[in-house]
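Novice: give me a model of this one.
(one chain, ligands or ions: 1)
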Amino acid sequence: TTVSVDGTAAHSIPPLLFGQMFEASQYGDGGIYAELLQNRAFQQVKPNIIDALFGWAPINGASINVIADPIPLSGALPNSLELTIPSGSLGQVGFGNEGYWGINVNASWTYNASFYYRFPRASNFSGKLTVMLQSSIGVVYANASVPVSGSTTAWMQVMVHLTPTSSPVSTTNIFTVTVDGASAIGETINFAMFSLFPPTFKGRVNGLRMDIAQACFHLDSTQTLYDMKPSFFRFPGGNNLGQSFSTRWQWNATVGNLTDRPGRMGNWGYINTDGLGLLEYLYLCEDMEMEPIMAVWAGYSLDGASLPENDLAPYIQQAIDQINFVIGNPATSKPAALRASLGHPEPFHLQYVEIGNEDFLASESYMYRWKDFAEHLEATFPHLKFIATSHPFNHTLDPIPKQYDNHVYQTPGWFAENAFYYDSAERNGTYYFEGEYAVVSTNASDLFGKPFNGRLVYPNMQGSVGEAAFMTGLERNSDIVFAASYAPLLMNTANYQWSPNLIAFDASHVYPSTSFYTQQLFSLNRGTEYFPSTLPLENGTLYWSVTRDAPTNTVIIKIANTGVTAEEMLFELPFKSVHSTGNATVLSGSATANNSPETPNAVMPVISQIKTGKSFSYTAAAYSVNVLRVEAK
Ligand SMILES: O=S(=O)(O)O[C@H]1C[C@H](O)[C@@H](O)[C@@H]1CO
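Specialist: Numbers count the residues shown, from 1 in each chain. As a prediction, the model looks like this:
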């Protein structure tokens with residue numbers, strides 16, 4: 001295949017072309033949000049049933065129960081853990097938390113543990129609580145003791161540091177709070193708002209798990225989100241934006257002290273602590289130099305009963321408040337004043353606001369929901385850009401959206417066949433955000449089925465190469481495609497509801513996938529301008545796109561070979577002088593090769609030198625994603 005490259009750039013590469021989509025799914029808690037204790041504050045659970053204790057277990061005969069505390073710690077946290085020490089108790093008696101399917105005990109870390117306790121009835125008990133990190137069979141790695149007295153019935157806060165003496169390989173460890181049983185027989189103590197944090201990304205309080213968020217810039221170590229230098233971060237959903245007005249995500253319930261956050265039954269089958277709330281998301285964007293693409297809930301109900309038009313006003317106001325929390329002026333807006341009081345008086349950077357999520361599922365009501373939200377928000381924030389979420393190619397909305405968010409989950413073949421998806425889109429001032437895309441299955445007739453029927457648990461090379469083929473099309477059409485992100489981003493290997501995901505993790509490891517490396521290859525090699533070239537064959541197996549990074553005079557050629565055979569290519573460059581050597585970064589493997597906990601580094605990018613020149617040949621291996629870089633001017 002001969003590829004001749006035009007001499008003039010067709011358009012610049014938009015600054016947000018590659019980014020991340022995130023929502024609290026398959027465990028943002030215990031994942032990117034670094035809280036280590038599951039069910040830390042008994043949020044949203046029904047008291048006095050055993051299920052309310054998930055994540056917790058009694059130790060050595062203790063009696064524990066979640067109660068609706070007559071004197072709750074806060075209005076947002078009505079439940080407490082009631083510990084009663086039974087007669088005959090001996091040794092350390094109390095309770096433990098198993099974490100989010102394990103706790104990573106690392107001797108080089110100092111952990112911050114905290115909780116509140118109160119004696120519901122004054123007593124003359126005077127003793128101490130022992131706070132520990134230990135293995136599930138009782139090997140103690142760290143402990144701290146806290147003197148307590150039953151003389152007061154007021155809530156007392158405990159904060160202790162735990163520094164383990166060793167780093168067990170196993171993460172089957174527990175966080176425990178115990179008391180010397182014999183000395184506390186008959187005592188009852190209520191507990192609330194536990195928290196255990198490891199060190200966090202950039203040391204932020206209530207922050208992010210380092211190995212998931214931390215940047216390591218060399219390819220042979222744990223790769224993470226920041227390492228692909230995403231330019232935007234879409235949040236809070238996705239489905240987790242909420243699929244009914246009563247369960248919607250509400251910004252104001254996710255900011256302020258953790259004791260003021262009630263938590264919420266998310267849309268992925270578990271209770272979100274909302275410890276990763278709006279302000280934490282904004283700090284995440286700021287720390288990782290990403291632009292937020294923030295969604296507001298727009299009256300949508302998956303059960304079809306969207307809010308009627310004349311009920312929208314309070315929710316439009318809530319959306320205005322959410323946006324003002326991000327960019328408002330503290331002198332004129334209460335939400336902005338709240339932001340200032342929480343430590344960030346300056347507005348955050350925000351350009352794009354998405355109105356709803358996947359509203360093609362409720363497109364009739366979106367006619368008025370889009371209209372009322374867009375008109376009110378545009379009037380209030382004239383400089384913001386609003387993204388519609390219904391199908392882009394049937395203009396039924398008024399005002400006509402200037403941006404659409406397009407989602408697609410398909411097979412490897414679909415992605416290769418649709419590399420030209422945007423080529424024929426009208427250039428009429430409409431811009432496209434490919435907000436969610438991924439190869440999810442090899443079975444077109446059961447895309448969201450089970451692994452035995454084609455669903456991918458982890459991305460594999462065949463899928464990632466299909467995505468790469470599609471991404472060459474996004475790059476070619478980035479005059480109208482302004483942003484794109486694979487979805488979903490993260491999954492806890494111990495408990496997930498959706499697969500595949502870009503990055504998998506467990507309590508102590510991060511597993512970047514072949515699709516992560518594909519995203520990273522495109523994101524780290526964007527270039528600043530797109531150069532047209534011989535077009536790939538539609539429905540062929542070989543796809544490419546050529547960009548140039550003007551500041552470094554580097555030509556960048558991205559190639560996806562979705563076929564089973566290596567392909568010889570001849571490149572003809574229009575530049576006067578082209579360096580005789582360049583480099584190729586290649587991700588390749590068998591169709592089903594994947595990175596998983598069993599084979600974490602099965603497929604990694606490999607860099608090598610290649611011969612280049614005004615015209616040069618290059619062989620793209622079967623099932624490979626290739627990025628060639630050569631200096632030229
Ligand atoms: O069932 S789906 O609609 O395909 O769910 C998808 C689309 C939704 O925005 C996101 O939350 C989810 C997986 O990323």
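Novice: strands of the stretch 101-250 of the chain, start to end?
Specialist: Along the stretch 101-250 of the chain, counting by DSSP state E, counting those that start in this stretch, strands occupy 111-118, 126-135, 140-149, 156-162, 173-180, 188-197, 232-235.
Novice: can you list the strands that the last one pairs with?
Specialist: Strand 232-235 has the following strand partners under DSSP bridges: strand 20-21 (parallel), strand 291-296 (parallel).
Novice: circling back: just the strands of the stretch 101-250 of the chain: most buried one?
Specialist: strand 232-235 (a mean of 26; mean count of other Cβ atoms under 10 Å). Placement of C-beta: from N, CA and C, glycine included.
Novice: what about the helix or strand that that one is followed by, average pLDDT?
Specialist: Proceeding N to C from strand 232-235, the next assigned helix or strand is strand 264-265, under DSSP states H and E. Computed over strand 264-265, the mean pLDDT rounds to 96.
Novice: now stretch 155-173
Specialist: For stretch 155-173, mean pLDDT rounds to 98.
Novice: and if you look at stretch 103-121?
Specialist: The average pLDDT within stretch 103-121 is 98.
Novice: near the ligand, which residues of this structure?
Specialist: Contact residues (Cβ under 6 Å from any ligand atom) of the chain with the ligand: Glu23, Gly237, Gly238, Asn239, Asn357, Glu358, His407, Tyr409, Glu436, Ala487, Pro488, Trp498.
Novice: poorly predicted segments of the chain, please.
Specialist: Filtered on pLDDT under 70, the chain yields the residue ranges 214-226, 304, 395.
Novice: what helices or strands is the longest helix that it contains leaning on?
Specialist: Scanning the chain for the helix with the most residues, using DSSP state H, yields helix 363-380. If you count contacts as 3 or more Cβ pairs under 8 Å, 6 or more residues apart in numbering; DSSP states H and E, helix 363-380 packs onto helix 313-327, strand 352-355, strand 385-388.
Novice: tell me which residues are up against it.
Specialist: Helix 363-380 is contacted by residues 296, 298-300, 306-307, 309, 312, 316, 319-320, 323, 353, 355-356, 359-360, 362, 384, 386, 388-391, 396-399, 401 when judged by Cβ atoms under 8 Å, 6 or more residues apart in numbering.
Novice: now those residues: which count as buried?
Specialist: Buried members of those, counted by 16 or more other Cβ atoms under 10 Å: 296, 298-300, 306-307, 312, 316, 319-320, 323, 353, 355-356, 359, 362, 384, 386, 388-390, 397, 401.
Novice: hang on, isn't Met604 packed against Thr514?
Specialist: No: if you go by Cβ atoms under 8 Å, Met604 and Thr514 don't touch, sitting 9.1 Å apart.
Novice: could you confirm Val627 falls within a strand?
Specialist: Yes: per DSSP: H, G, I helix; E, B strand; the rest coil, Val627 lies within a strand segment.
Novice: quick check: bridge partners of it?
Specialist: Beta-bridge partners, per DSSP bridges, of Val627: Lys558, Thr585.
Novice: neighbours of it, just the number please.
Specialist: By other Cβ atoms under 10 Å, 22 other residues sit near Val627.
Novice: residues in contact with it?
Specialist: Taking Cβ under 8 Å, 6+ apart as the criterion, Val627 is in contact with Leu521, Phe522, Asn525, Ile556, Ile557, Lys558, Ile559, Ala584, Thr585, Val586.
Novice: repeat that for Gly19.
Specialist: Neighbours of Gly19 in contact, by Cβ under 8 Å, 6+ apart: Pro230, Ser231, Phe232, Phe233, Arg234, Met290, Glu291, Ile293, Ala483, Ala484, Ser485.
Novice: ok, and the closest non-adjacent residue to it?
Specialist: Nearest non-adjacent residue to Gly19, counting by Cβ to Cβ, 6 or more residues apart in numbering: Phe232, 3.4 Å away.
Novice: tell me if I'm right that the one you found and Met294 touch.
Specialist: No: taking contacts as Cβ under 8 Å, Phe232 lies outside contact range of Met294: 10.1 Å.
Novice: mind checking the SS state of Ser25?
Specialist: Applying three-state DSSP: Ser25 is coil.
Novice: next, count neighbours for it.
Specialist: Using other Cβ under 10 Å, the number of residues around Ser25 comes to 27.
Novice: against Tyr421, how distant is it?
Specialist: Using Cβ to Cβ, to the nearest Å, Ser25 is found at 26 Å from Tyr421.
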